[in-house]
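Peer 1: Next input, structure requested:
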Amino acid sequence: MKLGVPRNTSGPEKCIQKLNLWVSFASPGLGLSGLRARCYHPRPLPRPSAHEKTSTMTSIRERNRRLILRAASEEFAEKGFAATKTSDIAARAGLPKPNVYYYFQSKENLYRSVLESVVEPLLQASAPFREDDEPAEALKAYIRSKIRISQELPHASKVFASELMHGAPHLPKEYLDELNAQAQRNIACLQSWIDRGLLAPVDPHHLLFTIWAATQTYADFDWQISMVTGKGSLSDADFNDAAETIIRLVLRGTAPDAKDMPKGEARLRPLPL
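Peer 2: As a prediction, the model looks like this:
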């Protein structure tokens with residue numbers, strides 16, 4: 001069958017009219033627009049699986065919790081618990097205020113979560129020395145881990161210090177008990193090293209207090225550090241230098257003399273400086 005098109009039709013129009021005639025003949029009632037719709041109908045995108053949906057929601061929740069926790073650490077460190085408003089925390093986190101209550105239920109719960117965020121690393125850093133440890137290596141590792149907390153969790157560390165200065169009213173008793181138990185075990189181990197002539201005869205309580213003060217000051221008094229150094233914040237190299245300086249001072253101050261060693265222990269090598 002020959003398709004008929006008026007002779008006075010221009011080239012492009014003639015092609016379109018021929019195509020319309022062919023479509024009408026092949027599929028009556030469809031027309032060119034219908035053919036386009038049928039030919040170019042987009043395929044639906046595959047729906048995400050239940051696992052993918054759960055994974056996405058979990059990552060969003062974790063991200064929001066981290067944002068709120070970090071913002072709360074900064075707000076509590078700057079203003080204290082009483083003066084901090086949940087609206088300020090939400091604004092700093094860049095989230096709606098109801099999100100704070102959705103994830104943490106109350107300002108008190110959020111404050112405890114900030115404390116717990118630094119207590120867990122403190123418990124790990126303060127893992128008790130063992131009597132068969134090399135004293136120098138144990139002290140080095142302890143000092144470096146304490147400095148790392150000040151470097152990585154400065155605001156939470158400051159909140160923790162403020163909490164202790166006010167009698168720790170919000171810190172769960174089990175955390176306080178565990179921190180104290182670890183300190184007592186470390187003091188006993190230090191005393192054992194002293195008795196064996198592996199450390200100079202210093203008071204182990206004050207040795208531990210000195211290490212705490214020297215390492216935590218980089219978080220608790222960061223404004224003073226910035227003022228004296230003229231730096232807005234310390235670099236990784238600065239924190240490394242701080243750790244090595246404290247290590248050198250502690251090892252020199254606790255290095256035993258031969259006269260301090262009990263009989264039969266003089267063969268033990270002194271601490272490396």
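Peer 1: Angles on the backbone of F221, please.
Peer 2: Per-residue torsions, F221: phi -120, psi 40 (degrees, to the nearest 10).
Peer 1: same question but for P172, I mixed them up
Peer 2: The phi/psi pair for P172 (degrees, to the nearest 10) is phi -50, psi 140.
Peer 1: Without its sequence neighbours, what residue ends up closest to it?
Peer 2: Excluding its sequence neighbours, the residue lying closest to P172 (CB to CB, 6 or more residues apart in numbering) is R112, at 7.3 Å. Quick note: C-beta positions are derived from backbone N, CA and C, even for glycine.
Peer 1: S73 too?
Peer 2: H155 (3.8 Å).
Peer 1: which SSE is that neighbour in?
Peer 2: helix 154-165 (DSSP states H and E).
Peer 1: chain center to that helix, what's the gap?
Peer 2: 16 Å (CA atoms, centre = their mean, to the nearest Å).
Peer 1: tell me the average confidence for the very next helix or strand once past it?
Peer 2: For helix 154-165, the following helix or strand on the C-terminal side (DSSP H and E) is helix 173-195. Regarding helix 173-195, the rounded mean pLDDT is 95.
Peer 1: my read: L123 touches L179, true?
Peer 2: Yes. Here L123 reaches L179: they are 6.9 Å apart, a contact under CB atoms under 8 Å.
Peer 1: Between the two, which has more neighbouring residues?
Peer 2: L179 (17 against 13; other CB atoms under 10 Å).
Peer 1: so what's R47 scoring on pLDDT?
Peer 2: At R47, pLDDT is 66.
Peer 1: Flag the shaky bits of the stretch 51-200 of the chain, pLDDT-wise.
Peer 2: 51-57 (pLDDT under 70).
Peer 1: and stretch 224-236, which residues are buried?
Peer 2: I225, L234 (16 or more other CB atoms under 10 Å).
Peer 1: Would you mind pulling the contact partners of that stretch?
Peer 2: Residues from elsewhere that reach stretch 224-236, judged by CB atoms under 8 Å, 6 or more residues apart in numbering: Q151, T217, Y218, D222, D238, A242.
Peer 1: which of those has the most neighbours?
Peer 2: Y218 (23 neighbours).
Peer 1: how near is the residue nearest to it when sequence neighbours are not counted to A242?
Peer 2: Distances taken as CB to CB, 6+ apart put S150 closest to Y218, at 4.2 Å, once the chain neighbours are dropped. Note on S150: its distance to A242, by CB to CB, to the nearest Å, is 9 Å.
Peer 1: Find the residues that touch each one of the two.
Peer 2: Y218.
Peer 1: okay, now S192: neighbour count?
Peer 2: S192 has 16 nearby residues by other CB under 10 Å.
Peer 1: An error on my part: the question was meant for D133.
Peer 2: By other CB under 10 Å, neighbour count at D133 equals 15.
Peer 1: To which secondary structure element type does it belong?
Peer 2: Three-state call for D133 (DSSP: H, G, I helix; E, B strand; the rest coil): coil.
Peer 1: need the contact list for it.
Peer 2: C189.
Peer 1: and it, backbone torsions?
Peer 2: phi -70, psi 150.
Peer 1: Ok, Y102 next?
Peer 2: Dihedral angles (degrees, to the nearest 10) for Y102: phi -60, psi -40.
Peer 1: now it: how far from L164?
Peer 2: 30 Å.
Peer 1: Kindly report the same for K158.
Peer 2: 11 Å.
Peer 1: Which neighbouring elements make contact with the particular helix or strand that has the residue nearest to Y218 in it?
Peer 2: Assigned by DSSP H and E, S150 belongs to helix 135-152. Applying 3 or more CB pairs under 8 Å, 6 or more residues apart in numbering; DSSP states H and E, one finds that helix 135-152 contacts helix 107-125, helix 204-220, helix 236-254.
Peer 1: With that, I have no additional questions.
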